[in-house]
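> build me a model:
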Amino acid sequence: MDTLDPQPDQQPAEQTPETASVEPACLPARVAVPPACAAAGGQADDGADTSRAVIREERIKIKENPDSGESFIVAPPGRKGCGRILSISLPMQDGNPRAALTDFLNCTFPLALITESLSDLFQMILACLGRAFGPVVDRKRGLHGYRHSLALGESGAIFAHGGQAETAFLSLPGESCAWITDWLALVSLFGDRLQGRITRWDGAVDVFSGSPSVDDAVVLYQAGGFNTGGNLPSCSQAGNWLAPDGRGRTFYVGRRENGKVIRIYEKGMQLGDPENPWVRWELELHNKDRIIPWEVLLEPGKYVAGAYACMKWVQEDMCRIKTIKQANKISYDHLSRCLKNSYGQMLNTAMKVEGGDAEKVIAKLRRPGTPSRLDPSQLPEPDKEDEE
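Just a heads-up that it's a prediction; the model follows:
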């Protein structure tokens, strides 16, 4: 059965009932544009999905608080006749746009505005995102209230449609974001052409030196550095704070259900190295009474630095390749230790049985593929000691 896009250059995934190839015949042929929706330029609902254009033209700014990283507007009344106060994330104007990485993106867009067939829409999306996001395969189940969901290749991205006020949904988790090479093209397609809106965005800052640390985050919190509009947000902790055990700690500020949370955690330890100092500062925004501008994808560093008064130190360029390599190195070392602890004695016995012939032992035990937590394109370099 033909899929909607050629297989990417990587190894093909084994087809299972849950990842059977999508047949074009199972996709809706075309969605008409209701006149009322077309005239409004947004989704036909109670006003919750007001389009970017409508908000930009009719919004009334009532407050701006750079220290909280937000401004506030009154959105136009919806069908219920009530306006809503919405917050808009603000960038730090003199910040470094490259000082953070986009590590998660969810967005929705109205199918009512699309004149192409859904099959043609997939071709347009894959042309924008890249070959790693093909082929499109049916997951045979729904997602977040949508009746249909489809996996985009082996990228980790998911597309969903069917229901939810005739909208479509795209989710790009961290591993998917690593495949995106042109964020401007993505913004042009989903933000401008498809009139979409961001429902979740994560911006990450990696501190490989470990400073500022999770303990520094606690000090900043106690000093009011995360205050929003004079209010002290809630906080919580995960991990062993009384007697740190090398498995990593996390400090949370804010609550996801309120639309804004930042977590600071010991990333190196989380990946399995109890001595690694790597700390990640990760801002997570949701569209709960909030507008997340598409510019967060083009200038993530400015928006992470502007999120709280204490985040102005975020200025150093982030490099996704460096982050992936660091994560791969830690994960490789961790998995190697696990292999030694679990099967080291078996390998030792196998060497004796095979007369010390390491090639025979490897031939018996190896199998194709790469562990899911390792990126095969960014594996650690061979140890120089092993080459000599």
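
> distance between the ends of stretch 349-367?
Stretch 349-367 has an end-to-end distance of 19 Å (criterion: Cα to Cα, to the nearest Å).

> and that stretch, how far out from the chain middle?
Centre-to-centre, stretch 349-367 and its host chain are 41 Å apart (Cα atoms, centre = their mean, to the nearest Å).

> ditto for stretch 263-272
17 Å.

> pLDDT averaged over that stretch, what's the number?
In this model, stretch 263-272 has a mean pLDDT of 94.

> residues in contact with that stretch?
206, 210, 214, 217, 238-239, 246-253, 275-282, 284, 327, 330-331, 333-335, 337 (Cβ atoms under 8 Å, 6 or more residues apart in numbering). The C-beta positions use only the backbone N, C-alpha and C, and glycine is treated the same way.

> how about low-confidence regions in this structure?
Along the chain, segments meeting pLDDT under 70 span 1-67, 78-81, 334, 373, 377-378, 382-388.

> spatially central residue in it, please.
In the chain, the centroid-proximal residue (Cα atoms, centre = their mean) is Phe104; its distance is 1.3 Å.

> surely that one is within a strand?
Yes - assessed with DSSP: H, G, I helix; E, B strand; the rest coil, Phe104 lies in a strand.

> what are the bridge partners for it, then?
On the basis of DSSP bridges, Phe104 is bridged to Asp202.

> surely it touches Ala178?
No - if you go by Cβ atoms under 8 Å, Phe104 and Ala178 don't touch, sitting 11.3 Å apart.

> which ones are touching Ala151?
19, 136-137, 139, 157-158.

> list just the nearest of those residues to Leu172.
Nearest to Leu172 among these: Ala157, at 5.1 Å, using Cβ to Cβ.

> give me every residue that touches the nearest residue to that closest one once chain neighbours are set aside.
Excluding its sequence neighbours, the residue lying closest to Ala157 (Cβ to Cβ, 6 or more residues apart in numbering) is Ser176, at 4.2 Å. Residues in contact with Ser176 (Cβ under 8 Å, 6+ apart) are 133, 152, 155-157.

> same thing but 10 Å
Counting by Cβ atoms under 10 Å, 6 or more residues apart in numbering, Ser176 touches 103-105, 129, 132-133, 152-158, 170.

> in the longest helix along the chain, which residues are buried?
Scanning the chain for the longest helix, with DSSP state H as the assignment, gives helix 320-353. Within helix 320-353, the residues scored as buried using 16 or more other Cβ atoms under 10 Å are 320, 323-332, 334, 350.

> which strands or helices does the very next helix or strand once past it pack on?
For helix 320-353, the following helix or strand on the C-terminal side (DSSP states H and E) is helix 358-365. Judged by 3 or more Cβ pairs under 10 Å, 6 or more residues apart in numbering; DSSP states H and E, helix 358-365 is in contact with helix 320-353.

> which neighbouring elements make contact with the helix it packs on?
For helix 320-353, the packing partners by 3+ Cβ pairs under 10 Å, 6+ apart come out as strand 101-110, helix 174-177, strand 197-207, helix 267-270, helix 358-365.

> save these as CSV, and put in distance to Gly145 too.
Listed next are the helices and strands packed on helix 320-353 as CSV, based on distance: least, Cβ to Cβ, whole Å:
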stretch, distance to Gly145
strand 101-110, 11
helix 174-177, 21
strand 197-207, 12
helix 267-270, 31
helix 358-365, 45
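
> if we can go back for a sec, reformat the buried residues of helix 320-353 as CSV; add distance to Glu257.
Formatted as CSV, the buried residues of helix 320-353 follow (distance: Cβ to Cβ, whole Å):
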residue, distance to Glu257
Arg320, 29
Thr323, 28
Ile324, 31
Lys325, 35
Gln326, 32
Ala327, 29
Asn328, 34
Lys329, 36
Ile330, 32
Ser331, 32
Tyr332, 37
His334, 33
Ala350, 53
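
> brilliant, that's me finished.
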